[in-house]
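Colleague: Task: produce atomic coordinates for the following.
(2 chains)
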Amino acid sequence: MSTPETLLSVEGLSKSYGGVHAVRNVSFSLKAGEILALIGPNGAGKSTCFDMLNGQNLPDSGRIHLLGRDTVGEKPRAIWRLGVGRTFQITATFPTMTVRENVQVALVSHQRQLFNFFASTPKFARDEAGQLLDLVGMGGYAERPCGELAYGDLKRLELAVALANEPKLLLMDEPTAGMAPRERIDLMRLTARIAREKSIGVLFTEHDMDVVFEHADRILVLNRGSLIAEGSPEQVRANPQVRAVYLGEGLVYDARHRDGAHA
Amino acid sequence: MAFYVVQFLTGLASAASLFLMASGLSIIFGVTRIVNFAHGAFYMIGAYVAFTLTERFSGALGFWGGIVAAALVVALLGVLVEMVLLRRIYHSPELFQLLATFGLTLMVQDLVVLIWGPDDLVGRRAPGFKGAVDFFGQAIPSYDLFLIVLSPVVLGILYLLFQRTRWGILVRAATQDRDMVAALGVNQKWLFTSVFAVGVFLAALGGALQIPRDAVHHAMDLRIIVEVFVVVVIGGLGSIIGAFVAAVLVSELNAFGILIFPKISIILVFLVMAVVLIVRPWGLFGKPEAPARRSPGLTVNPWRPLTSGERLASLAALAIAALLPFFVGNYALSVGSEIAIFVIFAVSLHFLMSVGGLASFGHAAYFGLGAYGVAFLAKMAGLPMIVSLSLGPLLGCLGAAVFGFFCVQLSGVYFAMLTLAFAQIVWSIAFQWVAVTGGDNGILGVWPDKWAASPSSFYWLSLGIAALAVVILRIIVFSPFGYALRATRDSMLRSEAIGINAKRMQWTAFVIAGTVAGVAGALFAFLKGSVFPDNMGIPLSVDALVMVLLGGVETVSGAVIGAIVFKAANIWLVSQTDWSKLVLGAFIVLIVVAFPKGIVGTLEALISRRKSASAKPLVTRIETAE
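Modeller: So this is what the prediction gives:
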């Protein structure tokens, strides 16, 4: 078996906002079929990192190679055309359309029919849209107005939309944020299954450690803009620096207990 | 040389009123997020009240007391308006807020005529500033010098007010994040009311201070509000310094534009505005706005193509309309043709607004361009009707392509203001460039060829083209392009993330809408046999907005019904009352406050409620800000 191709490689990525180093010299890479989690406490720079990968934000320095191309300075829509699907922390869908139509619009764009003034969109690529919805378990909701879906269903719809351009890479910013625990596990299992079947690389950020440790092949840990650990779930779990970041250094806790002992 | 210096000083003096207006508009927008269209109306009332106070009560107050008292009285009126009307629409979409305040403007235009009469009123000179100062042989009115000094003084006072008082801090805080200010326990109601009062005070003061320079008349509101929009677009909405700099810039451009392009001086302002928008889309001192809340957002019922039954019903309605010439007289037929033409106009705007989410306040520009296009071809080039009718709308298309390019760089209220400003510029060109357009006298004698000359054949022609326009636009609404356009309206973030270039979609939509409006204008020129600058005036743009609103913004073809009802009511109303603007204005305010879904939208909601009551409980919810 040949080694899977590298989908994404990031070198020396940095970004600061008025003296605050949001992201400092971050480098990593991602291979096809690999599920990579980017974790870290609030304010660690995860979202900034994500926005730069997606083209919503321009890095101060560093290189981003997506699917063999330097994408620094490219617009999100250009990055999507390369074969990158994207889901958002707060879902972004089209509330005035039905569930199927949401997917159909993405298919319209993928098939470069945006300036087609004559065809009927409700009949456009209906089967493909149906297959994508079946894939994420939303086939039964195809005719429902998107505006009245429950949040967990919106997240699944977003996944279907993100898969519409047959992506090689999925960027998912907190895919399970705002969902019930049960739904979180289902959604990530679904994502992982699709990713493995289609050999799609997935990069996701997440706060739910159950989700992260169950599915990630590899984990990157960011703290204060810098990459402090990288490795398999076991390695990261055992890393003392990561524990310090997540559980605190114990300075305040220990001190208080010492004080308590004296009192 | 002295001449240029005097010209410069005259420009600076004119900047005073503009600055007072623009800063008031900016302050109100900063806190309440409402672009107060009625600002021009308050300016005008300020001038009228000041006229009365300085003429009738000058003994008690003196001239200067009268000016300040006028501004205070109008500010109180502003408080009343804020409490009665604006508080009800703070959470409505921007379009509705603009329309409601425009409705007020219309009402005020008739009210001032009712109270003060239709004639221009010439106020007295300011005591102490009656003479002129001699400057190397050129006379400068000393009142101008007073105004030149006044602007920086007001700027300084505003600065101190915002930097040094508790109220000013609250206002600045609310401008940044009003939810946070509310969360901190500030009584937002009174903050909003007081801010509105201050903004109105500034506008009224600007109007009152104009009376020694200019006659007071009942059309001064629209003229100034357009200039003020240009000023805030250039300076940046929400920035007082921006308002100051841009007011000076625009006034100077006006003062010197007359020397460079005597016929079409406004071109210069337009060019500068275009450059500013390309370099800094948020104005010289403005900050980029966070994405606006979704503009329509009243329902979540997805649109569907007509069922075959509905298609048959529409065809039947069309057939009945086509039979009309066998039953009614010539006058009714010409009314029918006019209604058909306005159906075309309304659906073109509706396409832009409801599918593209772009509420244009200057759509009449493209209607008028189409009309002038026809007039040029038919009257001056002597082309046959069918050729002029096909080519004339291309002028609307061209105008929409040029102006639309700039407009779609902006969104929300900026978009609305810019479309309005462009429309006013086009109107001014038609008005001022007498050699080509005939100016106020228009172009007469644009009559249809023999085959379409009889009222019934012209009616059939209009009806046919209207039906065609509605069908074509419906096809586009449900085409991939229409969906992608709606996608940019629904979620800019998501549409960009699936490869849609929103600006390009919106620009295309703007050109389509402008071209269809041009078709309506072209037909209108033949119907009336003449073309006037009023064919592209602001009132016509607003008529179109009301038609769309009346039919229902959230519907696919509500504008058809809206146009028929509005136009028929309008024609009837004008024949019944002299105060049609007052009635129309009140009507607009009423729809916005009580009836925001329009006729078709309300019917659809009723039908879907009935359907769901029988089938399953449907979750209807109102989309709010994300």
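Colleague: What residues sit buried inside the host helix or strand of B:F256?
Modeller: When elements are defined using DSSP states H and E, B:F256 is found to belong to helix B:240-260. Neighbour-count burial for helix B:240-260, counted by 16 or more other CB atoms under 10 Å in any protein chain shown, picks out B:240-257. For every residue, glycine as well, the C-beta is placed using N, CA and C.
Colleague: model confidence over it, on average?
Modeller: Across helix B:240-260, the average pLDDT comes to 89.
Colleague: And it, what does it pack against?
Modeller: helix B:2-32, helix B:142-164, helix B:220-235, helix B:266-279 (3 or more CB pairs under 8 Å, 6 or more residues apart in numbering or on different chains; DSSP states H and E).
Colleague: Using CSV, write out every CA atom in it.
Modeller: Taking only C-alpha atoms (Å, rounded to 0.1, in the frame of the first residue of the first chain), the coordinates of helix B:240-260 have been written out as CSV:
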residue,chain,number,x,y,z
ILE,B,240,-18.8,62.6,13.8
ILE,B,241,-15.4,63.6,12.6
GLY,B,242,-16.2,61.8,9.4
ALA,B,243,-19.4,63.8,9.1
PHE,B,244,-17.5,67.0,9.5
VAL,B,245,-14.7,66.2,7.0
ALA,B,246,-17.2,64.8,4.5
ALA,B,247,-19.6,67.8,4.9
VAL,B,248,-16.8,70.2,4.1
LEU,B,249,-15.6,68.0,1.2
VAL,B,250,-19.0,67.6,-0.4
SER,B,251,-19.8,71.3,0.0
GLU,B,252,-16.5,72.3,-1.6
LEU,B,253,-17.0,69.9,-4.4
ASN,B,254,-20.4,71.4,-5.0
ALA,B,255,-19.0,74.9,-4.8
PHE,B,256,-16.2,74.2,-7.3
GLY,B,257,-18.1,71.6,-9.3
ILE,B,258,-20.2,74.4,-10.7
LEU,B,259,-17.1,76.0,-12.1
ILE,B,260,-15.8,72.8,-13.7
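Colleague: now that helix and helix B:266-279, what's the angle there?
Modeller: Here helix B:240-260 runs at an angle of 140 degrees relative to helix B:266-279 (axes from the mean of the first three to the mean of the last three CA atoms, to 10 degrees).
Colleague: Contacts for helix B:240-260, please.
Modeller: The set of residues external to helix B:240-260 that reach it, using CB atoms under 8 Å, 6 or more residues apart in numbering or on different chains, is B:7-8, B:10-12, B:14-16, B:18-19, B:22-23, B:25-27, B:151-152, B:155, B:158-159, B:162, B:227, B:230-232, B:234-236, B:265-269, B:272, B:283-286.
Colleague: quick revisit: can I get the helices and strands packed on helix B:240-260 in TSV with mean neighbour count, mean pLDDT and distance to B:G370?
Modeller: Putting the helices and strands packed on helix B:240-260 into TSV (neighbours: other CB atoms under 10 Å in any protein chain shown; pLDDT from 0 to 100; distance: least, CB to CB, whole Å) gives the following:
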stretch	mean neighbour count	mean pLDDT	distance to B:G370
helix B:2-32	23	89	32
helix B:142-164	16	91	41
helix B:220-235	26	87	22
helix B:266-279	18	78	20
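Colleague: Out of these, which gets nearest to chain A?
Modeller: Of all those, the one in closest proximity to chain A, counting by CB to the nearest CB, is helix B:266-279 (18.2 Å).
Colleague: So the residue nearest the centre of chain B, which state does it fall into?
Modeller: Note on chain B: the residue nearest the mean C-alpha position is B:F361, at 3.8 Å, using CA atoms, centre = their mean. Following DSSP: H, G, I helix; E, B strand; the rest coil, the label given to B:F361 is coil.
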